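> 3D model of this:
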Amino acid sequence: MAKSYGYQMNKLRNLRPQTMPEVGDVGGRVRCFNENITLTGQAVGDVIEAGFLPRGARLLYGVLNSDTALGISTLEVGISGKPAKYQAAATLTVTDIPTLFGNTQNVGEALTGEEIVVITVGADALPVGGVLRLQLFYTLD
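Numbers count the residues shown, from 1 in each chain. Now for the predicted structure:
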């Protein structure tokens, strides 16, 4: 049976002299940006500023949760110019069940600059009334 190594484990197990991974990759403290958004019937194309990630942060994953079914509305999570950087358009039809997201290419990588994270509304307007929660879990060490 063949054995292979992930990038960080290769540093620890095979490189000589041993190369230590960055703290953000191994042993970093997890931090959270926690946002509460009131649903007011935001229209298709509306952008909600919903989070902040500092320079050097490594997004691990995000969580969306709503106390109100959003029907056929879709939400993208990203940044200005890349609205689906962290989540492509998706519906959130169940209530009070946290939904994880994180685009494989963009999680775990250190940001070269700070980011304002936005939610873009698509497909249909959001309901009037209710709460949408966004949590962004990241390391920064």
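> mind listing what the residue nearest the centre of the chain touches?
Nearest residue to the geometric centre of the chain (CA atoms, centre = their mean): G62, 3.5 Å. For G62, the contacting residues are 77, 86-87, 100-102, 134-137, by CB atoms under 8 Å, 6 or more residues apart in numbering. Heads up, the C-betas are built off the backbone N, CA and C, glycines and all.
> same question, P83
47, 76, 118, 120.
> if you set the cut-off to 7 Å instead, what comes out?
76, 118, 120 (CB atoms under 7 Å, 6 or more residues apart in numbering).
> ok but it is inside a helix, no?
No: membership of P83 in a helix is not supported by DSSP: H, G, I helix; E, B strand; the rest coil, which gives strand.
> can you pull out the strands in the protein?
30-40, 47-53, 58-66, 74-79, 82-91, 99-101, 115-122, 128-139 (DSSP state E).
> tell me which of the ones you listed is the most buried.
Among these, strand 74-79 has the highest mean neighbour count (mean count of other CB atoms under 10 Å), at a mean of 22.
> next one: that one to chain centre, how far?
9 Å (CA atoms, centre = their mean, to the nearest Å).
> stretch 25-41 now?
How far stretch 25-41 lies from its chain's middle: 8 Å, per CA atoms, centre = their mean.
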